[in-house]
Each structure stands twice: as structure tokens, then as C-alpha cells.
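J.: could you look at this predicted model? Sequence included:
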Amino acid sequence: MSQPAPSDALIELAGVCKSYNMGLPSQAEVLHGLSLRVGRGEFLALIGPSGSGKSTLLNIVGLLERMTSGSYRLQGEEVGSLDDAGLTLRRRSTLGFVFQFHHLLPAFTALENVTLPALMSEGRVSAPQLAHARELLDAVGLAPAMHKRPAELSGGMQQRVAIARALVMGPALVLADEPTGNLDTASSDEVFALLRRMHAERGTSFVVVTHDPRLAARCDRLVELIDGSIARDEPVAPAARLI
């Protein structure tokens, strides 16, 4: 497919390589000169076999790992040369994360878990942030359960809390790594429908790693990685998204 114009690109990766065990006999290159643009407001599926480099790519985009070489521009800013403090600030201000396992703190209520990014970022939760967290829990259908702890919630409900937590700081981009991989089919469909609704209502960009072809077919764009390179990058036909 045609890539977003630079002015519309939220993410611009150019010639990105990632190697592990640099300088050792076991050195291995996982990403091989990968280039990718993601536009503002896109809903993109990242697919590929195990070991293809999906998680490594997501970690680089999420500023959790550094690339070995190449260029990464996030909202027009070259972030590859930022120090650790700079990366942390950009990650907190721009990105949200949803993982296969919800990673909720068991001693915290749903509401407290959603406000955790604000607490970590600023050392306190302001009244507007608390109100926003309540609004998000209402939006994901959990207003009646906001004072329950994770052990009192179903797996699907826990993932809804994780989605609200990912959105609470108003990120431009949410990275979701197998967000339904730990759920049954019915719960998977509900959680994925919620991601799509949050995208439609808020205009947030989503990059979703999934092994589920049904869910990938419900995204707007499909990027397939094989052996650390992009093998396919194409729009999903609108009719296919109804599957």
C-alpha cells in the first residue's frame, strides 16, 4: 500500500536494524533494514510467525529497546539518540501499552490501576485525571466494577481495565501485543471490538500484534514480518473487516 505522507506519519522507521549479543560469536541480527510508516489514526495489524521479529519491532517502536542502527522519528522527532530519561518522557507522553497479560496490580482497585500511569508520571493523581479514569472505565463498561480488585474480575474485564489504563494519558499511539491471546473466543471478540470502538471514538492510532487471522482481518492495514523483514504491507478490504 502507499505509505502515509511524512506530514501525516506518526511513526517513521527507516533502515532499522536490531542485533543481539553484539561482538560475540552468538551475535544475531533480528531486524534487517526495516522501513515503515504508520499514519495518525491508523489501526494496523502486525502479523508473522514466531521469531519473525514482531515483539522486537514493537519494543523498538515502544521505546523499550534501542535499535542497533537506522532512524526512528516519532511525531516528527528523531528519538533514536535520546538518553534514557528522554525516552521515558516520550514513552509516557505519547504511547500506551496493552499486553497479552493485563499486568494489573492485584492490591489496587480497577480505578487505582487505571490511574497508575498518572501516579508514576507525576507522583500524584489530579482531580481531572481521576475524573478521566472514571470516564474511561465507564466507556469500557466497568463503571460498576471500578472499586473491585483484579481477582474479582473476569479475564475479559481485566483486559478492559488494561485498555482504560493504556488510554488514560491520552496517547497518540497504543501498542497492543497479543491483547486477546489469553482470552476465550467470546471475550477476545468483545475486547477487540472495544479496541476498535476506542479507535473510532478517540482517533488514537493502534498497532496490534496478533496470531489470530480473524482479528487481523478486522484491522485496516496488515503488515507481515518474516525473518525480520516486511514481506507484506497492504490495506484490508472493507468487506473482510466484517468477518
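T.: That came through, no problem.
J.: if you count contacts, what does the top helix by length along the chain end up packed against?
T.: Longest helix of the chain, by residue count under DSSP state H: helix 185-202. If you count contacts as 3 or more C-beta pairs under 8 Å, 6 or more residues apart in numbering; DSSP states H and E, helix 185-202 packs onto helix 155-167, strand 205-209. For glycine as for every other residue, the C-beta is placed from the backbone atoms N, C-alpha and C.
J.: now with 10 Å?
T.: The contact analysis (3 or more C-beta pairs under 10 Å, 6 or more residues apart in numbering; DSSP states H and E) places helix 185-202 against strand 43-47, helix 127-139, helix 155-167, strand 173-177, strand 205-209, helix 213-216.
J.: nearest to Leu194, out of these?
T.: Checking the helices and strands packed on helix 185-202 against Leu194 by C-beta to C-beta gives helix 155-167 as the closest, at 6.2 Å.
J.: spatially central residue in this structure, please.
T.: By C-alpha atoms, centre = their mean, the chain has its centre lying nearest to Leu175, at 0.6 Å.
J.: looking at this structure, which helix or strand is least sure?
T.: helix 116-122 (a mean of 85; mean pLDDT, DSSP states H and E).
J.: which outside residues touch that helix?
T.: Helix 116-122 has contacts (C-beta atoms under 10 Å, 6 or more residues apart in numbering) with 88-89, 92-93, 96-97, 104-105, 108, 112, 124-126, 128-130, 132-133, 165-169, 171.
J.: any low-confidence regions in this protein?
T.: Where the chain drops to pLDDT under 70, the residues are 1-7, 239-243.
J.: redo that, cut-off 50
T.: Along the chain, the model assigns pLDDT under 50 to residues 1-2, 5-6, 243.
J.: distance check, Gln129 against Met169.
T.: Gln129 sits 8 Å away from Met169, going by C-beta to C-beta, to the nearest Å.
J.: let me fix that: Glu78
T.: According to C-beta to C-beta, Glu78 and Met169 sit 22 Å apart.
J.: likewise Thr210?
T.: 24 Å.
J.: neighbour count winner among those two?
T.: Thr210 (23 against 18; other C-beta atoms under 10 Å).
J.: nearest residue to that one in space, please, no chain neighbours.
T.: Leaving aside its sequence neighbours, Thr210 sits nearest to Ala216 (C-beta to C-beta, 6 or more residues apart in numbering; 5.4 Å).
J.: residues in contact with that neighbour?
T.: By C-beta under 10 Å, 6+ apart, the contact list for Ala216 reads Leu44, Ala45, Leu46, Ile47, Val208, Val209, Thr210, Leu222, Val223, Glu224, Val236, Ala240.
J.: of these, buried ones?
T.: Among the contacts of Ala216, those classed as buried by 16 or more other C-beta atoms under 10 Å are Leu44, Ala45, Leu46, Ile47, Val208, Val209, Thr210, Leu222, Val223, Glu224, Val236.
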